[in-house]
Structure formats: C-alpha cells, structure tokens
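Trainee: what's the 3D shape of this:
(2 chains)
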Amino acid sequence: MLERSTQVASFPRRGGHYRVMGFDAPEIAERVRAGQFVNLLLRPGPLLRRPFSVYRVLPGGIVEIIYRPVGEGTGLLAAMQIGDSVSILGPLGRGFEFDAGWRSVALVSGGLGVAPMWLAARDAREAGLRVVWVHGARTEAELNLEWLGDEVVYATDDGSRGFHGSAVAAVPDGVGAVLACGPNRMLAAAAARWPDAQVAVETYMGCGTGVCLGCAVPLRAGGYDRACREGPVYRAADIDWDALPSQLHYAVGA
Amino acid sequence: MIPDLSVDAGGLRLRGPVIAASGTFGYGTEVPLLERRALGAIVSKGIFLRPRAGNPPPRIVETPAGMLNAIGLQGPGVEALIRDYCPQWAAWDFPVLVNINGESADEYGELAARLDGVPGVAGFEINVSCPNVEQGGMYFGNDPRAAAEVTSAVRRRTRLPIWVKLTPMVTDIGVIARACESAGADALSAVNTFVGMSIDLHTSRPRLAFRTGGLSGPAIRPMAVHLAHQAARAVRIPVIGVGGIVTPDDALEFLVAGCAAVQIGTATFADPCAIAKVHDGIAWFLEARGLSSLAELPRYLPRD
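Mentor: Model (predicted):
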C-alpha cells in the first residue's frame, strides 16, 4: 500500500454516462491486481477518500478509474484538469484469483461494475483462459462499449441492445468460472446461479485501510469482515446477501 | 533546536502530545504508512470481555465536514486481544492503552483485572461514552454516579493509569469530570462523538442501520474544544482533547484551551500520516515562537 501525491494524466471522456480518468502512479500501476482499488483524496473536497476499482493500467504507469459524476466527490473529479493534484492510496483490498484449470472465464458486469473487468481480462488471458466478456446496463446508452476478451455479450434491461434481460441471465452455459461485479442485487442473483463465483462487492467505506470497520460485509457464517481488507472480492456463497445493503446513495451536502 | 514535546498524561510520560484515538487505528497493526516516531501513544479499538459482531451495515455515512458511525464495538474479545495483539505492543517504543467496555461496572473491572500485568498493556481508557451499543456505553457516561461507579470498579482492579473517555451528550461535563476524578481516574479524554442521525430521502429511512450514530470530524471541533476546556477547568488531572482535529492549529487550540495532550481519529482515515503531520506542526509552531518546550505554551485556563 502506497500513498502518493499524483497528477491527473488523462481524461478521455466517453459517451454521456461514464468518465475515465488517468493518474500518474507508476508504483501502483505495477503492483495492482484485478479487483483491487485505489482511494482518492480530493482537496478541496469531502472529508473522506473515495474508493475506485482500478479500471485500466496504461503504459507509462498510468492508473485509470471509471466513474459516473453522481455525488460531491465524483462531481469534483469531473471538473479536474490534466495536471491537477490528488492523493492516491493503493493498491488496496484483495483482488480476483485465477486458475488456468478453468480453461474459460465469464467476466460479468452490470453498469459501473465493469470497472475491475479490464484488468480481470488482462490477468485471465495471462493465465491462459478464454475470456467471455458479459456486460449489462439498463439501456444501450448506459453500456460501456470498451471490452477485452475473446467473446463479448451485451445485455440491456430494456432490450435496446443485445440480450433482453440481466447480465447474469445472459451468461452462456459452459464457462469454467464466473467473476462478477455490479449492484449488490445483481451479485445476489449471480450467487444464486454460481455459488463459487468470485464477486466484487460495493460498500460504504471510511478509511480503506482496515481500521474503521465501516465497510462491514455480512457473512453467511455469521459476523462481518471488511470489504477493504478481506474483500472486496468474495466467494459469492459466503456473503449474507439479505443483510448487505443493495443500493448505496451517497450524499454529503454543504 | 527541536522543542521538547513530551507530556505527562495521567500517569504516563509520553514522548509527544499526539495520540491515536480509539476506533480509528485498529490495534495499531493495520496502518503501515504511519510514521510511528510521532506517536505519543495509541488507544486501541474498544474491547469487551467477549467477542462482538458489531452492528449491521450501513455503519457509516459522511456528513458535511464529518462522518456518522455506528460500528457497534466489533471486536475479538479480550482473550484474542491478549493472544494476537499484546505481544506486538510489548515490543513498541510508545505506550498502548486499551479502550475497555462493559455492560456493567463489574465487567469493566473484570476486563481491567484480566489485562493488568499483561506485557504491552500500558493503561486503560474507560469507554463510558460509546453511543452505538444497546447496553452500557454512553449510559454510564451521562450519570455522574454511574461514571464514578465504573471508574471505581476499574481502579480497584488495577494500578495502571486509567483515563476515562467522556461523552459530550451531557448538560454539564464538569460534573461528570469531577465524579471520575474523585473515583480515581488519572486523566480524562474529552470528548467522544456526538449522537446524530441522517435520513435517506430515497427510502425515507435512516441511512445508518443502527438508526443513529456518533458524529466525528471537523464538524464537531468547536464544540469539542469547548467541552474539553470545561472539563479541564473542573479537574486537576490532565485532560486529553479529542474531536475533529485535522491540522496542527486544531491540536494547538485544544492544548491552549487547557488540554495536556490530544487524540486524532477521523483525520487518520483521510490521511494515514495525519498524526505525524500534526506532531511536526506543533513542533514548528513552538520553534517559530522561540519556545523550547510544549510546557511553555501559553494556556487559557481560568479555574472554576
């Protein structure tokens, strides 16, 4: 885990829905594994850091995140310019694990759950796996059309593109393993279909380093552990999905 | 010359006045970035005799210049603490105090007795101010007789230094402060979080599963400075100021207002090096004014 003052290095904006922003952070770029995250501190900005899955890693040591400007932190991010400073803490958390014995893997994402999948595809291919990229959103306009792998399947709730239905339902049979990220409700559905899937959960987060115990994840075996340390990637069947909040509404206000 | 920042804090001589606040630093083993040279002491995450799961999520919500938490004193229980953490503490060059909790005065006393003499345990901070548990916690801290009873129960079972962490949710903190002093406390930590609530307009429900939580961060600092000052006026034992400190100037406000030392909590979440930065900033402040030690800092502390 490293803390560095870093600069915004790129922001190739895409579509109307998502923004991608790159930070100059070579040490993190070198170490980060799929599913791990960075915690960004914006000054001026809200009191606490904001966690983001690492999206892509670019040559030259640039770490990218993908986000939607919905709250105070992401609104500030969207207004930043190349060269502006942020403090970046990472890589944090425990990422996805890969096993060459699977032969193939489905990377299943809903909406912004696409965030860890680029690195997951990279690491899966390094492990010699065939990658089926499955990405869903409410509508075609909300899909993120960047993908990496051997086969791509899109799904939309309204049927405006690809499979008409959820990303979980769109996954073809016969894949060797499933890695999923998206709204917790979607992950609960993934857990019902594939108990052994690896899922990256979303929680509110305080410190990102394991000391505040704010990012509690309820476990089927009882008790809680920390999304920022033991997670954010879990075996799907290990989580008590009924007790994990399914929809997060961030709001700080003035 | 580097000014002498060492302080007396209730039976312990600390090399610096900046202490890691309970619940914001785990058991001291989690934050590898922190520059330990600057730590005056650590107060551990609050512990009970038995393991506790803590509260269901959501447990935290950010608020303007602050955060609400309702963690619920999740912890492994005292036996795991002794097995897993105390041996590490024994090797460190700064003291670790254990923040102790119970549902009755006897439980506090039992915890102190179990931990007394364990290598690595330098003292206790009695938590009579947690707003996030159903039994005990803050309910001992807003009644002077109950606060004194808990303090006495611990005093009878240990000769180690005892700090009592006070709740701000009282009419007159001086009354509680004096009750704890009379019952044998060596120092007071002032103050714990303020009780607050935040409503999610999407669901028309509280954002925290526990309904309410403890408010910390810069939002509470002026209130915390006032309460720490009121406590310091009321007693002769040292008061350790806590509440919303982010910068060296914030810490100096508490020190000038009569505190012997300070604790930093929420600021560590945003900046794992916050304690070192505050420590160094206090040193620069003294140096710039030609003061050779923290003891020479002018104070504002009229006595009641």
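Trainee: for the rest of this, base every contact and every neighbour count on C-alpha atoms.
Mentor: OK.
Trainee: any idea how far chain A is from residue B:16?
Mentor: From residue B:16 across to chain A, the span is 22 Å (CA to the nearest CA, to the nearest Å).
Trainee: residue contacts, that residue?
Mentor: B:5, B:6, B:7, B:38, B:39, B:40, B:279 (CA atoms under 8 Å, 6 or more residues apart in numbering or on different chains).
Trainee: just the buried residues from those residues, in PyMOL please.
Mentor: Per 16 or more other CA atoms under 10 Å in any protein chain shown, the buried members of these correspond to this PyMOL selection:
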select buried, chain B and resi 5+6+7+38+39+40+279
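Trainee: what's the helix or strand of chain B with the lowest mean pLDDT packed up against?
Mentor: Scoring the helices and strands of chain B by mean pLDDT, DSSP states H and E places helix B:138-141 at the bottom, with a mean of 85. Packing partners of helix B:138-141 (3 or more CA pairs under 8 Å, 6 or more residues apart in numbering or on different chains; DSSP states H and E): helix B:144-155.
Trainee: please identify the residues of the stretch 1-150 of chain B in proximity to chain A?
Mentor: B:23-26, B:30-33, B:53-54, B:56-66, B:69, B:71, B:74 (CA under 8 Å from any CA of the partner chain).
Trainee: which among those residues end up buried?
Mentor: By 16+ other CA under 10 Å, those give B:23-26, B:31, B:53-54, B:56-63, B:65-66, B:69, B:71, B:74 as buried.
Trainee: residue A:231 and chain B, how far apart?
Mentor: Taken as CA to the nearest CA, the span from residue A:231 to chain B is 15 Å.
Trainee: now what about the helix or strand containing residue B:276, what contacts it?
Mentor: Using DSSP states H and E, residue B:276 falls within helix B:274-288. Outside helix B:274-288, the residues that touch it by CA under 8 Å, 6+ apart are B:1-3, B:5, B:16-20, B:34-39, B:246-249, B:251-252, B:264, B:267-268, B:292-294, B:297.
Trainee: now the buried members of those residues.
Mentor: B:3, B:5, B:16-20, B:34, B:36, B:38-39, B:246-248, B:251-252, B:264, B:267-268, B:292-294.
Trainee: ok, residue B:71 - contacts?
Mentor: A:213, A:214, B:54, B:55, B:59, B:60, B:132.
Trainee: switch to 7 Å and redo it
Mentor: Contacts for residue B:71 (CA atoms under 7 Å, 6 or more residues apart in numbering or on different chains) come out as A:213, A:214, B:54, B:55, B:59, B:132.
Trainee: make a markdown table out of the residues you listed and add distance to residue A:70, secondary structure and pLDDT.
Mentor: Shown next, in a markdown table, are the contacts of residue B:71 (distance: CA to CA, whole Å; DSSP: H, G, I helix; E, B strand; the rest coil; pLDDT from 0 to 100):
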| residue | distance to residue A:70 | secondary structure | pLDDT |
| --- | --- | --- | --- |
| A:213 | 25 | coil | 96 |
| A:214 | 21 | coil | 96 |
| B:54 | 30 | coil | 96 |
| B:55 | 28 | coil | 96 |
| B:59 | 21 | coil | 97 |
| B:132 | 30 | coil | 77 |
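Trainee: which among these gets closest to residue A:21?
Mentor: residue A:214 (26.7 Å; CA to CA).
Trainee: settle this for me: the closest one is touching residue B:59, isn't it.
Mentor: Yes - counting by CA atoms under 7 Å, a contact exists between residue A:214 and residue B:59, whose distance comes to 5.4 Å.
Trainee: flag the shaky bits of chain A, pLDDT-wise.
Mentor: A:12-16, A:247-254 (pLDDT under 70).
Trainee: any idea how it splits into domains?
Mentor: A:2-92, A:100-243 (automatic domain parsing).
Trainee: packed most tightly, which of these would that be?
Mentor: Ranked by mean neighbour count, the domains of chain A are led by domain A:100-243 with a mean of 21 (mean count of other CA atoms under 10 Å in any protein chain shown).
Trainee: quick check: end-to-end length of that one?
Mentor: In domain A:100-243, first residue to last residue: 33 Å (CA to CA, to the nearest Å).
Trainee: gap between that domain and the chain center?
Mentor: 8 Å (CA atoms, centre = their mean, to the nearest Å).
Trainee: is it true that residue B:268 lies in a strand?
Mentor: No - using DSSP: H, G, I helix; E, B strand; the rest coil, the assignment for residue B:268 is helix, not a strand.
Trainee: show me the contacts for it.
Mentor: Taking CA under 7 Å, 6+ apart, one finds residue B:274 in contact with residue B:268.
Trainee: do residue B:50 as well
Mentor: B:77, B:78.
Trainee: okay, and it sits in which element?
Mentor: Using DSSP H and E, no helix or strand contains residue B:50.
Trainee: let me see the ranges of the strands in the stretch 101-250 of chain B.
Mentor: Assignment of strands within the stretch 101-250 of chain B using DSSP state E, counting those that start in this stretch yields the ranges B:123-127, B:162-166, B:187-190, B:194-196, B:199-200, B:205-206, B:213-216, B:239-242.
Trainee: in the stretch 1-150 of chain B, where is pLDDT below threshold?
Mentor: For the stretch 1-150 of chain B, counting by pLDDT under 70, the residues that fall below are B:32-34.
Trainee: 80 instead, please
Mentor: B:1, B:31-35, B:131-138 (pLDDT under 80).
Trainee: could you pull out the helices in it for me?
Mentor: B:78-84, B:86-89, B:105-115, B:138-141, B:144-155 (DSSP state H, counting those that start in this stretch).
Trainee: now residue B:40: how far from residue B:263?
Mentor: 9 Å.
Trainee: now do the shared contacts for these two.
Mentor: With CA under 7 Å, 6+ apart, residue B:40 and residue B:263 have common neighbours B:18, B:19.
Trainee: can you list the residues of the stretch 51-200 of chain A near chain B?
Mentor: Contacts of the stretch 51-200 of chain A with chain B, taken as CA under 7 Å from any CA of the partner chain, are absent.
Trainee: residues contacting residue B:246?
Mentor: Residue B:246 neighbours (CA under 7 Å, 6+ apart): residue B:267.
Trainee: SS state for residue A:119?
Mentor: Under three-state DSSP, residue A:119 comes out as helix.
Trainee: pretty sure it sits against residue A:31.
Mentor: No - the pair formed by residue A:119 and residue A:31 falls short of the contact definition of CA under 7 Å, at 11.8 Å.
Trainee: thinking again about what came up before, identify those among the buried ones among the contacts of helix B:274-288 that sit within strands.
Mentor: B:18, B:19, B:20, B:264 (DSSP state E).
Trainee: closest one of those to chain A?
Mentor: residue B:20 (11.5 Å; CA to the nearest CA).
Trainee: check contacts around that closest one.
Mentor: Counting by CA under 7 Å, 6+ apart, residue B:20 touches B:41, B:42, B:43, B:263, B:264, B:265.
Trainee: ChimeraX command for the buried members of those?
Mentor: Selecting only the buried entries of the contacts of residue B:20 in ChimeraX, with 16+ other CA under 10 Å as the criterion:
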select /B:41,42,43,263,264,265
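Trainee: residue A:89: which of the contacts of residue B:20 is nearest?
Mentor: Distances from residue A:89 to these, taken by CA to CA, are shortest for residue B:265, at 18.2 Å.
Trainee: name the SS class of residue A:105, please.
Mentor: From three-state DSSP, the assignment for residue A:105 is strand.
Trainee: so what's it closest to, chain neighbours aside?
Mentor: residue A:177 (4.8 Å; CA to CA, 6 or more residues apart in numbering or on different chains).
Trainee: my guess is the one you found contacts residue A:102. True?
Mentor: Yes - between residue A:177 and residue A:102 there is a contact at 6.1 Å, judged by CA under 7 Å.
Trainee: what touches both of the two?
Mentor: Counting by CA under 7 Å, 6+ apart, nothing touches both residue A:177 and residue A:102.
Trainee: hang on, the earlier thing: next, format the strands of the stretch 101-250 of chain B as JSON lines and append mean neighbour count.
Mentor: Shown next, in JSON lines, are the strands of the stretch 101-250 of chain B (neighbours: other CA atoms under 10 Å in any protein chain shown):
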{"stretch": "strand B:123-127", "mean neighbour count": "27"}
{"stretch": "strand B:162-166", "mean neighbour count": "29"}
{"stretch": "strand B:187-190", "mean neighbour count": "29"}
{"stretch": "strand B:194-196", "mean neighbour count": "18"}
{"stretch": "strand B:199-200", "mean neighbour count": "14"}
{"stretch": "strand B:205-206", "mean neighbour count": "14"}
{"stretch": "strand B:213-216", "mean neighbour count": "26"}
{"stretch": "strand B:239-242", "mean neighbour count": "32"}
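Trainee: good, we can wrap up now.
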